[in-house]
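Any chance you can model this:
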Amino acid sequence: MKLGVIGFGARMNSTVNLLAKADPDLAVVGLVDANPAAALERVPEKDRAGVKVFATVREMVEGVDPDAMAIGTRCDSHARFAMEAAGFGRPLFLEKPVATRLEDALALEEAFKSDPCPVLVSFPLRASLVCEQAKSVIASKAVGRIEHLLAVNYVPYGDVYFSGWYRDYEVTQGLFIQKATHDLDYLADLAGAPITKVAAMSSCGRAHQDLRLKPASPDPDVLYFPDIGLPETGMNEDSSSVLLEFANGVKGVYTQVFFSKRGAKRGAVISGVQGQVEFDFYTGEIRATRHREPINTTVTIEGKGAHFGGDSRLVENFVDMVRNGAPSLAPLSAGLRSVYACLAAKASAELGQFLNVRQLGQ
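All right, here's what the predicted structure looks like:
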C-alpha cells in the first residue's frame, strides 16, 4: 500500500506505525509538510530513502500516485487539506477535529456531498474495546430504551493544552472542538442519534491564574507558556460542560476538566428504565446494573492499547477500506456531526443560551 502523508507530526507518527503493523506491505511514498526535515525523521526507516517531499497534495498525487492518503496537520488546516484531497478519490484517513470553524465545516460538507472518496475520521473512542463491549451490553437490553447519558473526562495530561502547540487558541478554537469532539462522537454513537440541541458553560483562566500566583510551587504546571491567551481574547478552557439533547429524545450531559492531573476518569453512564451501564476507559471496567432485580454484572477489558484499543481498530479498518473497499467505522458524516455539536457548545458557552445544532444537509 502506497501512502501519502499530509502533516507528519507525532500523532501521525504513531498512526503510521500502527498501519505498518496492520499491513507490513505499507510504504510511505510521499510527504506534504510545513517542516519537511522533521517529517522525514518520522518516516519509517525502511521508507526514508524512497519517500519524496512535495509542496502540494496535487503534486504528491501526480508524483507518486498513492493508494491512500492521511492528514495529520494541525487542527485549523484539517478541512482545507481534506477538501484538497477529495478530488483524487483515494481513501483518506483524517485526524479530528475535521474543522475548527463553521465556515470550514460547511465547505467540507459541500465538498464531500457527492462522496468523492471514502473517509475514516480519527475517532478511536467509538471503536475502542471498552465502547464496543458497552454497546454489546446495551444491545442485550440491559437498560431497555436509552433515556439518559452522563459522561466525564478528567484529563491527567491537561497541561499539554497550555504548554505545547495546543495552547494556540487560533489553532484549536478551544477544547470543546479539540477534545470534546471525541466524546460527543461516541455519545451520539451510543445514543443512536445525532445531537440536536446544547446548552454549555466553560471556565477560562482561573486555574492558571491561581498557579501563577504560587511561583514557589514545585508543581511543573507553573511553567505554562505566557502566550496561552486571555478569557477576553480567547483561550483554552480550564473546564467545560454541556447539556445535550439527541434527535431521538435522549438527554445527556458531558463535563471535561483539564487541571485534574491525578484521579483520571473518562467514561459514561447510560441509563434506561430497565437498568444502567457504566464504564471507564482507564480501568476498562464495564458494569451493568438492573433497576428491578438484584443483578449486577461486571466485565473488565485488559490490554487495551493506544486510545483504549481504538487506534488499532481504526487502522485495521483503514487497511480494509483501501484493500477491500470496506465501509468506514467513522465516516466523515460522524466527524461533521461532532464538530457541528462542538461549535454549537462553544457558541452556547459564549452566549449563555440554548442553541440548536446544525444538522447535515440543512
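
Give me the phi and psi for the closest residue to Gly9 other than its chain neighbours.
Of all residues not flanking Gly9 in the chain, Gly72 sits nearest, at 5.6 Å (C-beta to C-beta, 6 or more residues apart in numbering). C-betas here are computed from N, CA, C, even on glycine. Phi and psi for Gly72, reported as degrees, to the nearest 10, are phi -130, psi 30.

Need the pLDDT of Gly72.
Gly72 carries a pLDDT score of 96 in this model.

who's in contact with it?
By C-beta atoms under 8 Å, 6 or more residues apart in numbering, the contact set of Gly72 is Val5, Ile6, Gly7, Phe8, Gly9, Arg11, Met12, Thr15, Glu95.

which stretches of the chain have low pLDDT?
208-226, 303-304 (pLDDT under 70).

domains of it?
2-123, 125-306+329-356 (automatic domain parsing).

Go ahead and build a ChimeraX selection from the buried members of the contacts of Gly72.
Here is the ChimeraX command that selects only those of the contacts of Gly72 that count as buried (16 or more other C-beta atoms under 10 Å):
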select :5,6,7,8,9,12,15,95
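
would you list every one of the helices in the stretch 51-200 of the chain?
Ranges of helices within the stretch 51-200 of the chain are 57-64, 78-86, 102-111, 124-127, 129-139, 160-163, 169-172, 175, 181-191, based on DSSP state H, counting those that start in this stretch.

Point out the most buried one among those.
Of all these, helix 175 has the most neighbours on average by mean count of other C-beta atoms under 10 Å, namely a mean of 27.

who's in contact with it?
Tyr161, Asn236, Glu237, Ser240, Gln256, Phe258.

try 6 Å this time
With contacts defined as C-beta atoms under 6 Å, 6 or more residues apart in numbering, helix 175 is touched by Asn236, Glu237.

if we can go back for a sec, with Arg323 as the reference, name the closest of the domains of the chain.
Nearest to Arg323, of all the domains of the chain, is domain 2-123, at 7.6 Å by C-beta to C-beta.

how long is that closest one from one end to the other?
Criterion C-alpha to C-alpha, to the nearest Å; first-to-last residue distance in domain 2-123 is 23 Å.

can you give me the offset of it from its chain's centre?
16 Å (C-alpha atoms, centre = their mean, to the nearest Å).

Also stretch 150-161?
Distance, stretch centre to chain centre, for stretch 150-161: 13 Å (C-alpha atoms, centre = their mean).
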